[in-house]
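Engineer: Could you look at this predicted model? Sequence included:
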Amino acid sequence: MQGLDDRSSEVFRRIVESYLGTGEPLGSRSLSRLLPMSLSPASVRNVMSDLEELGLIYAPHISAGRLPTQQGLRFFVDAFMQIGSLSEDDRREIDRQIRPDNPVENALTGASQLLSSASRGAGLVITAKNDTQLKHVEFVRLSPEKALAVLVGDRDEIENRIITLPAGTTSSQLVAAANFINAHMSGATLGEALERVAKLKETIRSELDQLSSELVEKGIAIWSGGSEEGRPAQLIVRGRSNLLNGVDGSEDLDRLRMLFDDLEKKESLSDILNLAEGGQGVRIYIGSENTLFSLSGSSLIVAPYKNTEGRIIGAVGVIGPTRLNYSRIVPMVDYTAQLMSKLPG
């Protein structure tokens with residue numbers, strides 16, 4: 001801020017606000033008509049030259065207008081941007097999607113959808129290791145070799161997995177395996193159920209035949225992700241198609257493919273959680289500041305949410321182009337994270 005006088009600050013602010021609204025460069029002639037002070041196009045160009053030397057703006061083409069650099073966007077967010085308050089319409093919509101009486105899975109999906117709708121980007125929700133308690137398990141035969149394993153959690157969320165059956169498995173063995181799990185694992189989290197299976201191996205083998213025993217062990221292992229710590233993090237993304245808007249040319253498409261590839265990587269989930277845990281409240285990562293998505297040139301607005309014990313169990317946010325509507329999205333992400341922290345479980 002020390003390097004900018006009132007004229008420079010106003011020119012810079014107008015360039016950034018125009019970019020965030022239209023994505024287009026702003027020229028000196030158009031800018032001179034927008035300024036509250038009297039400044040000729042030639043004087044505006046002189047100010048632009050000074051801002052370019054500071055690394056805050058650049059010219060994408062010869063004789064074109066100016067756009068903010070990533071450094072300029074960061075400077076604008078830190079020094080100029082006023083975070084708007086949440087509108088009543090936005091608040092009501094978030095309240096409608098994320099209610100304590102709503103199934104948790106619906107709340108997660110609804111949160112990502114509404115954040116996508118409010119931005120030019122994709123809304124994302126990450127859930128960390130899931131502490132869902134088992135309520136009921138059932139195996140439904142699909143074919144001689146396949147069955148649908150249905151898990152119902154204590155908050156009535158349902159998860160389905162297709163599993164390969166041991167050769168020769170009968171319908172009665174499917175029922176026996178489900179009955180054993182329901183009798184011995186009900187009320188346990190997935191991590192606890194995995195531990196119980198290890199402790200009850202002798203009981204399982206004495207009460208069930210070999211194929212039913214395999215089903216019990218396989219079913220719990222698949223649901224828990226094979227880890228005693230529970231299921232791995234889950235990513236819910238809505239609005240990927242928004243990221244296609246404004247894509248121009250093969251270079252932009254390649255960057256978008258990189259972003260989609262990054263979102264599919266399991267290690268990316270823990271990386272996003274680490275970014276969210278890096279401080280209190282909403283964090284903003286612009287372009288290359290965000291090492292996870294730097295190659296795609298994307299920005300990330302993210303905030304953690306916690307359980308009733310105050311432990312971070314997930315994150316909500318928006319990922320998209322650098323010209324996101326930061327002032328509107330930040331309070332939405334913040335309020336969404338606050339409501340997510342109040343959900344039961």
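Structural biologist: Happy to help now that I have it.

Engineer: quick one, what contacts residue 57?
Structural biologist: 12, 15, 48, 51, 66, 67, 68, 69, 72 (C-beta atoms under 8 Å, 6 or more residues apart in numbering). (Glycine included, C-beta is placed from N, CA and C.)

Engineer: Report the contact partners of the second one.
Structural biologist: Just to be clear, that refers to residue 15. For residue 15, the contact set (C-beta under 8 Å, 6+ apart) comprises 26, 31, 48, 51, 57, 65, 66, 67, 68.

Engineer: Ok, the last one next?
Structural biologist: Shown here is residue 72, whose contacts under the criterion C-beta under 8 Å, 6+ apart are 12, 16, 51, 55, 56, 57.

Engineer: tally of neighbours for residue 37?
Structural biologist: 10 (other C-beta atoms under 10 Å).

Engineer: Ignore what I typed, I meant residue 17.
Structural biologist: Using other C-beta under 10 Å, residue 17 is surrounded by 17 other residues.

Engineer: on that earlier part again, top of the contacts of residue 15 by neighbour count?
Structural biologist: Neighbour-wise, the contacts of residue 15 (other C-beta under 10 Å) top out at residue 66, 28 neighbours.

Engineer: Confirm for me that residue 60 is in contact with residue 68.
Structural biologist: No - Residue 60 is beyond contact range of residue 68, at 11.0 Å (criterion: C-beta atoms under 8 Å).

Engineer: Excluding chain neighbours, give the residue nearest to residue 338 in space.
Structural biologist: Leaving out its chain neighbours, the residue that sits closest to residue 338 by C-beta to C-beta, 6 or more residues apart in numbering is residue 305, at 7.7 Å.

Engineer: Next, the buried residues of whichever strand or helix holds residue 302.
Structural biologist: Per DSSP states H and E, residue 302 falls inside strand 299-306. Using 16 or more other C-beta atoms under 10 Å as the test for burial, strand 299-306 gives 299, 300, 301, 302, 303, 304, 305.

Engineer: ok, it: who's next to it in the sheet?
Structural biologist: strand 283-285 (antiparallel), strand 312-320 (antiparallel) (DSSP bridges).

Engineer: which residues sit against the shortest one?
Structural biologist: By C-beta under 8 Å, 6+ apart, the residues outside strand 283-285 that reach it are 77, 275, 276, 299, 300, 301, 302, 303, 326, 330.

Engineer: In the stretch 1-150 of the chain, mark out all the strands, start to finish.
Structural biologist: Secondary structure of the stretch 1-150 of the chain by DSSP state E, counting those that start in this stretch: the strands cover 57-58, 67-68, 122-127, 134-141, 146-153.

Engineer: out of the ones you listed, nearest to residue 314?
Structural biologist: Judged by C-beta to C-beta, the one of those that comes nearest to residue 314 is strand 122-127, at 4.5 Å.

Engineer: Farthest pair within the contacts of residue 57?
Structural biologist: Applying C-beta to C-beta across the contacts of residue 57, the maximum distance is between 48 and 69, 12.7 Å.

Engineer: In the stretch 101-250 of the chain, where is pLDDT below threshold?
Structural biologist: 128-132, 155, 223-233, 246-250 (pLDDT under 70).

Engineer: Any idea which of the strands of the stretch 1-150 of the chain gets closest to residue 186?
Structural biologist: It's strand 134-141; of the strands of the stretch 1-150 of the chain, that one is closest to residue 186 (C-beta to C-beta) at 5.7 Å.

Engineer: Adjacent strands (with direction) for that closest one?
Structural biologist: Strands adjacent to strand 134-141 in the sheet, as given by DSSP bridges, are strand 146-153 (antiparallel).

Engineer: So which bits of the partner strand are buried?
Structural biologist: Applying 16+ other C-beta under 10 Å to strand 146-153 flags 147, 149, 151, 152, 153 as buried.

Engineer: what about the helices in the stretch 201-345 of the chain?
Structural biologist: Remark: helices assigned in the stretch 201-345 of the chain by DSSP state H, counting those that start in this stretch are 201-207, 210-224, 250-264, 266-277, 326-341.

Engineer: The ones you listed: which one's closest to residue 161?
Structural biologist: helix 210-224 (5.5 Å).

Engineer: And the closest one, what's buried?
Structural biologist: For helix 210-224, the neighbour count (16+ other C-beta under 10 Å) marks 211-221, 223-224 as buried.

Engineer: And stretch 312-323, by the same measure?
Structural biologist: So, applying 16+ other C-beta under 10 Å, buried residues of stretch 312-323: 313, 314, 315, 316, 317, 318, 319, 320, 321, 322, 323.
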